[in-house]
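Novice: Show me the folded form of this:
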Amino acid sequence: MACTQPYWSVLQVGSQHLARQFARHGWQVHYISAPITPVHLARPFQPEVMDRFKSARRNPSIHENGRIYAYVPFSLIAPDGRMLLRSRPVARHWHKTMFPSFKRLLSRSGLDKPRLLYLDNLSYHFLLDAFPCSQSVFRVMDMHERFSGWKGQAQAMAQKIACRADLTIYSALHLKPYVENLGAGRSVFVSNGVDVESFGASSRSLERPACLRHIPDPVLLYTGMIDSRIDFDLIRAAASRLPQASFVFAGPLDFSRSLSKLPANVYFIGPVPHRELPALMHAAVAGLIPFDVKSRPNAVTGIRPLKFFEYMAAGIPVICARWPEIEELHSPAWFYERAEGFIDLVTKALNQEFDPEAARVFARQFDWKRSFEKLMSSLEPDC
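Specialist: Purely as a prediction, here's the structure:
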């Protein structure tokens with residue numbers, strides 16, 4: 001599995017969940033994340049940067065009772081959205097600067113010919129040549145041109161992979177036109193999901209997380225990347241109107257504009273390990289997805305957030321901006337269009353006007369086990 005986030009990252013996306021499903025179904029998984037390079041030394045205090053350097057020194061780290069071997073390669077250069085690093089020569093040949101070489105990295109674990117090659121990271125396109133006889137899966141989770149600095153480059157790289165992969169899977173229904181435009185030979189929709197067992201645990205068995213120790217109840221919670229998609233003008237207005245509520249944002253901060261002069265009842269608690277998210281959600285009265293769909297509609301097209309299903313599995317109301325991908329799920333989520341509607345729904349959550357069992361029943365349809373089974377049933381029989 002050639003992916004973007006380290007396996008052990010605080011940010012757990014679909015590929016890490018699918019890696020665990022492979023492991024639970026008896027596969028040995030070699031999970032390779034994006035490389036660490038000297039360029040990262042310019043930002044040594046950014047979350048996980050030093051952890052990635054440490055991981056690169058001890059490759060591989062072993063997880064899931066020896067079923068998952070996780071690697072963070074070291075490379076002198078790697079594709080990046082910045083000017084020189086997004087050039088075609090870098091995209092094609094960066095892996096030749098890996099140390100140790102890719103072949104040597106995997107030979108340490110005795111990997112010869114994998115039965116299946118899984119890619120979600122465009123930079124690892126060269127693996128299709130390295131393992132030409134293996135079945136291959138390309139996972140599309142977003143429109144690649146959205147990534148900063150990659151305009152005009154990323155889609156061409158995605159097309160190359162989609163045309164050669166045996167199967168392309170996509171995580172949201174509204175990504176289908178994009179995948180078809182990539183020229184994928186075979187494609188299938190495999191939804192994002194949730195580990196129902198973890199998030200559906202009884203709240204009585206979960207202690208209040210230490211990160212909430214000094215934050216008063218009731219808690220309105222957002223989890224995940226904190227970036228420009230979030231409507232902080234909306235949060236500012238709601239927090240000012242509802243000073244008795246705590247608006248808590250848990251995740252890496254990738255955005256600083258609009259965060260000044262927020263009310264005192266808005267809290268940023270930083271990244272929270274994924275294993276602690278169930279307890280965090282059970283301590284909240286609602287889960288928020290306050291994306292700015294009016295100013296940035298294209299930023300959410302084809303997005304089906306994992307947090308949506310995790311909030312549901314935890315049995316808390318989801319207060320969500322309205323966009324087609326989410327509306328078409330026909331879930332128990334509460335949608336708003338304007339600030340007044342958002343504030344009304346927060347007030348409704350504070351009054352505990354919600355059926356948690358309806359949310360849990362909905363979430364069970366999207367267990368990661370089902371997504372894994374759909375992926376496997378879509379592959380050729382010899383896999």
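Novice: When you work out contacts or count neighbours from here on, use the C-alpha atoms and nothing else.
Specialist: Noted.
Novice: helices or strands next to the helix or strand A363 falls within in the packing?
Specialist: Taking DSSP states H and E as the definition, A363 sits inside helix 356-364. Applying 3 or more CA pairs under 8 Å, 6 or more residues apart in numbering; DSSP states H and E, one finds that helix 356-364 contacts helix 306-313.
Novice: contact partners of the helix it packs on?
Specialist: With contacts defined as CA atoms under 8 Å, 6 or more residues apart in numbering, helix 306-313 is touched by 13-14, 192-196, 199-200, 223-224, 281, 286-287, 289, 317-318, 356, 359-364, 366.
Novice: Kindly calculate the angle that that helix makes with helix 356-364.
Specialist: Counting by axes from the mean of the first three to the mean of the last three CA atoms, to 10 degrees, helix 306-313 lies at 140 degrees to helix 356-364.
Novice: Centre of the chain to helix 306-313, how far?
Specialist: Taking the mean C-alpha point of helix 306-313 and that of its whole chain, the gap between them comes to 12 Å (CA atoms, centre = their mean, to the nearest Å).
Novice: Please apply the same query to stretch 72-85.
Specialist: Stretch 72-85 sits 21 Å away from the centroid of its parent chain (CA atoms, centre = their mean).
Novice: buried set for it?
Specialist: The neighbour-count criterion (16 or more other CA atoms under 10 Å) identifies V72, P73, F74, S75, I77, A78, P79, D80, L85 as the buried residues of stretch 72-85.
Novice: Mind checking which of those residues land in helices?
Specialist: Counting by DSSP state H, no part of the buried residues of stretch 72-85 is found in helices.
Novice: shouldn't L221 be in contact with I235?
Specialist: No: the criterion here is CA atoms under 8 Å, and L221 misses it with I235 at 11.5 Å.
Novice: hey, what's in contact with both of those two?
Specialist: Where contact means CA under 8 Å, 6+ apart, the residues bridging L221 and I235 through contact with each are F247.
Novice: quick one: which of these two has more around it?
Specialist: The neighbour count for L221 versus I235, taken as other CA atoms under 10 Å, is higher for L221 (23 against 20).
Novice: would the more buried one count as being in a strand?
Specialist: Yes: read with DSSP: H, G, I helix; E, B strand; the rest coil, L221 is one of the residues of a strand.
Novice: what residues are up against K160?
Specialist: Taking CA under 8 Å, 6+ apart as the contact definition, K160 lies against H125.
Novice: could you measure S378 against Q365, distance?
Specialist: Separation of S378 from Q365 (CA to CA, to the nearest Å): 19 Å.
Novice: Assign G110 to helix, strand or coil.
Specialist: Reducing the assignment at G110 to three states with three-state DSSP gives coil.
Novice: Got the phi and psi for it?
Specialist: In terms of degrees, to the nearest 10, the main-chain angles of G110 are phi 70, psi 20.
Novice: what's the burial count for it?
Specialist: Other residues within reach of G110, judged by other CA under 10 Å, total 9.
Novice: One more: the one 5 residues further on?
Specialist: When counting by other CA under 10 Å, one arrives at 13 neighbours for R115.
Novice: Now do it, the pLDDT please.
Specialist: According to the prediction, R115 has pLDDT 92.
Novice: Surely it touches V137?
Specialist: No: at 11.2 Å, R115 does not count as touching V137 under the criterion of CA under 8 Å.
Novice: where in the protein is pLDDT low?
Specialist: For the chain, applying pLDDT under 70 flags the ranges 44-45, 81-83, 147-152, 202-205, 256-258, 382-383.
Novice: run the last query once more with 80
Specialist: Flagging of the chain using pLDDT under 80 yields the residue ranges 41-47, 80-88, 106-112, 133, 145-153, 201-206, 254-260, 380-383.
Novice: That one - how does it break down into domains?
Specialist: Following automatic domain parsing, one gets these domains for the chain: 14-193+368-378, 196-364.
Novice: Redo those as TSV? Include distance to P6.
Specialist: What follows is those, written out as TSV (distance: least, CA to CA, whole Å):
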stretch	distance to P6
domain 14-193+368-378	5
domain 196-364	13
